[in-house]
Each structure stands twice: as C-alpha cells, then as structure tokens.
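1. Turn this into a structure:
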Amino acid sequence: MLIGCTSSRKEVGGTPGNPEVVSITPINGGRDLEVVWRNDNNAEGYYVACDDKRLYSPERSNYKDTFQVISGTREVCESDIWGTHCRELERTCKYVSITSYRGDKQNTTSIDLTSRVFTVNGIIVGRDSSPSWIKLDLSNKTASLVSEVDTTLPNVVWFSFSIDSIGRWMVICKGPSNLAFLIHNGYSYPYKYLAPGEGYNDVAVISPSSVGTRFFFWINNKENILIDPSDYFGAVEFIGLQDLGGNTYKADIVIYLQDRVRGLRWLRY
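-> Residues are numbered from 1 along each chain as shown. Sure, this is the predicted structure:
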C-alpha cells in the first residue's frame, strides 16, 4: 500500500500536518474499509474523500473524528406514485484522501487502493490442446504463461482454461497446500469493481462470449475459511478472443489483483 503526502508534515503558524494513518482495515467481509489516523492538535477537523468526492453526513457526521468507515456500496432511493424504491450501487475508491484543516490551511494524505494489473496474451484454449497455465506469483508481483505447474512453490497460484465435451469453458485452479484458489464465474453478479463475498469454487464454468467478459477470484488461507486480511481478491477480464477453428481459441486477458489492502474486495484500476 502506498501512502503519499501532498505537502510537508508540519508548517509554522498552527497549520495542521498531514494526517498520520494508523491503520487501514477491511471490514464486513472485505466489502467496506475502515481508516484510522492520529489526531493533530492544530487541526480543527478532517475531510475524507473517495476519489476526490468528499463524504458528508450521515457518513461523516462529526468532522473531528479520526476514523472513517467507507462502504463499498451505497443505497440509492427513488420515489414514484407507487412508493419509494431503494437499491444498492457499488461505491469503491481508487484513492482515499484525508485532509486536516484549520481555517483555510490544510494538508492531505492520500491512500492508494488501485489494483495491480497484469496482462497475459496468446493463451491457446481448446478441447484437445494441452492446457497453458497462468502463473500468478503473489510475492514477486508477476503473472506469466507457463506449461508446467509446481504447487510446492510458496505464495504462487495457477489457473488454466479448457473446453469440455459440450463446448463449455472451464477454469481450473491450483496452488500450494496452504492456499485455496477459488473462482466466481460472475454470472448475474451486479458489480464490476466489488468482488463477490461468496459463491466461489475451485472449478468454474465461464462464458467468454465477448471482450469485456470477466470472472472473479478469491485466494484464501486454508487456516481460516472466512474472509480475513490475509486473503487476496481479484478479477480476470478477457480483452481479446480469436476463434482459430476446430473448437480452439486464442485469448488475451488482464488480471486485476487487490494486494495493497489484503482482504479488501475493491478492484479499481
């Protein structure tokens, strides 16, 4: 995670310093984010923003608070002659900023929450072809196309595509003994930048019918089957798909990995 400051830590004349972030914690199963910072005696209060959009009441009711919970969804309600109808929309952030202020003097700390992005091109997928494996190295932050799998490597997971006897695309996952690499096919899931909190399997049927089709993944520590701050969430999106004939395809994909705040299901980039 990257925390950057827009100006100096402290200035002369009572100007508050850049808020010093104490903790950044995913909560509510990774849907929401809690940020805590130290109080600055020179500050009259603090503003919090999600991608430059300030949070107002009721989300931020007390501007002297030194913590903020940012929900990954927000409720939107509309009224008509039949009554009031509400629905949940996603609201994830690429950056969260905390600004301390006194009068017109202010300083800001920005928290980078963008997903890491990998591109893998030229994946051959067919019913009779040998599977190509995508190797996702969580320690070295790399993704590559390989022909063999070594599940003894720590902190490395693998997945491949295949086509079954009735033409369905399958995703198969492998990993070391301490990690579960699970897939959600994305069917009927309403959000793009907020990964699902449930519905994952180690083998999944997908339907890459067009460019832009995506599915989600959850890399879970097997010691705790629940979502926790040791987990990773991500998505795979098809950016190229070429029919080579004979039920064989060439695919290009982008992988989005949230590793700045582990356990957070936000996938902005």
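2. Quick check: mean pLDDT of the strand ranked longest in the chain?
-> Using DSSP state E, we find that the single longest strand of the chain is strand 232-245. The average pLDDT within strand 232-245 is 94.
3. Sheet partners, orientation included, of it?
-> Using DSSP bridges, strand 232-245 pairs in its sheet with strand 214-221 (antiparallel), strand 248-258 (antiparallel).
4. a markdown table for those, including mean neighbour count?
-> Backbone N, C-alpha and C define where each C-beta goes, glycine included. Shown next, in a markdown table, are those (neighbours: other C-beta atoms under 10 Å):
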| stretch | mean neighbour count |
| --- | --- |
| strand 214-221 | 22 |
| strand 248-258 | 20 |
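5. Low-confidence regions, the stretch 51-200 of the chain specifically.
-> 129 (pLDDT under 70).
6. for it, what spans make up the strands?
-> Taking DSSP state E, counting those that start in this stretch, the strands of the stretch 51-200 of the chain run over residues 53-54, 67-70, 73-80, 83-90, 95-102, 105-112, 116-126, 133-137, 142-146, 156-163, 169-174, 179-184.
7. May I see those strands arranged in TSV, with distance to residue 236 as well?
-> Shown next, in TSV, are these (distance: least, C-beta to C-beta, whole Å):
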stretch	distance to residue 236
strand 53-54	28
strand 67-70	26
strand 73-80	22
strand 83-90	18
strand 95-102	24
strand 105-112	22
strand 116-126	9
strand 133-137	8
strand 142-146	10
strand 156-163	8
strand 169-174	8
strand 179-184	9
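8. picking that back up, what are the buried residues along the longest strand of the chain?
-> Neighbour-count burial for strand 232-245, counted by 16 or more other C-beta atoms under 10 Å, picks out 232-238, 241.
9. would you turn these into CSV with distance to residue 208?
-> Shown next, in CSV, are the buried residues of strand 232-245 (distance: C-beta to C-beta, whole Å):
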residue, distance to residue 208
232, 22
233, 20
234, 17
235, 13
236, 9
237, 9
238, 5
241, 6
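10. Out of those residues, flag the one nearest to residue 116.
-> Ranked by distance to residue 116 (C-beta to C-beta), these are led by residue 234 at 8.5 Å.
11. Residue 214 is in contact with residue 196, correct?
-> No: using C-beta atoms under 8 Å, residue 196 is not in contact with residue 214; the gap is 11.7 Å.
12. ok so, going back, now the strands of the stretch 51-200 of the chain as TSV including distance to residue 20 and mean neighbour count?
-> Listed next are these as TSV, based on distance: least, C-beta to C-beta, whole Å; neighbours: other C-beta atoms under 10 Å:
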stretch	distance to residue 20	mean neighbour count
strand 53-54	20	10
strand 67-70	13	18
strand 73-80	28	10
strand 83-90	30	11
strand 95-102	10	20
strand 105-112	7	19
strand 116-126	25	16
strand 133-137	32	21
strand 142-146	32	14
strand 156-163	35	20
strand 169-174	40	18
strand 179-184	34	20
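13. Of all those strands, which one comes closest to residue 43?
-> Closest approach to residue 43 among the strands of the stretch 51-200 of the chain (C-beta to C-beta): strand 95-102, 4.0 Å.
14. ok, now which ones touch residue 190?
-> Residue 190 makes contacts with residue 90, as judged by C-beta atoms under 8 Å, 6 or more residues apart in numbering.
15. Could you check how far it is from residue 263?
-> 22 Å (C-beta to C-beta, to the nearest Å).
16. Check residue 161 too.
-> Distance of residue 161 to residue 263, computed by C-beta to C-beta: 27 Å.
17. dump the residue contacts of the residue nearest to residue 117 when sequence neighbours are not counted.
-> Distances taken as C-beta to C-beta, 6 or more residues apart in numbering place residue 269 nearest to residue 117, at 5.4 Å, with adjacent residues excluded. Neighbouring residues of residue 269 by C-beta under 8 Å, 6+ apart: 94, 114-115, 117, 256.
18. Not counting sequence-adjacent ones, nearest residue to residue 213?
-> Distances taken as C-beta to C-beta, 6+ apart place residue 238 nearest to residue 213, at 4.9 Å, with adjacent residues excluded.
19. My read is that that neighbour contacts residue 207, right?
-> No: applying C-beta under 8 Å, one finds residue 238 not in contact with residue 207, separated by 10.1 Å.
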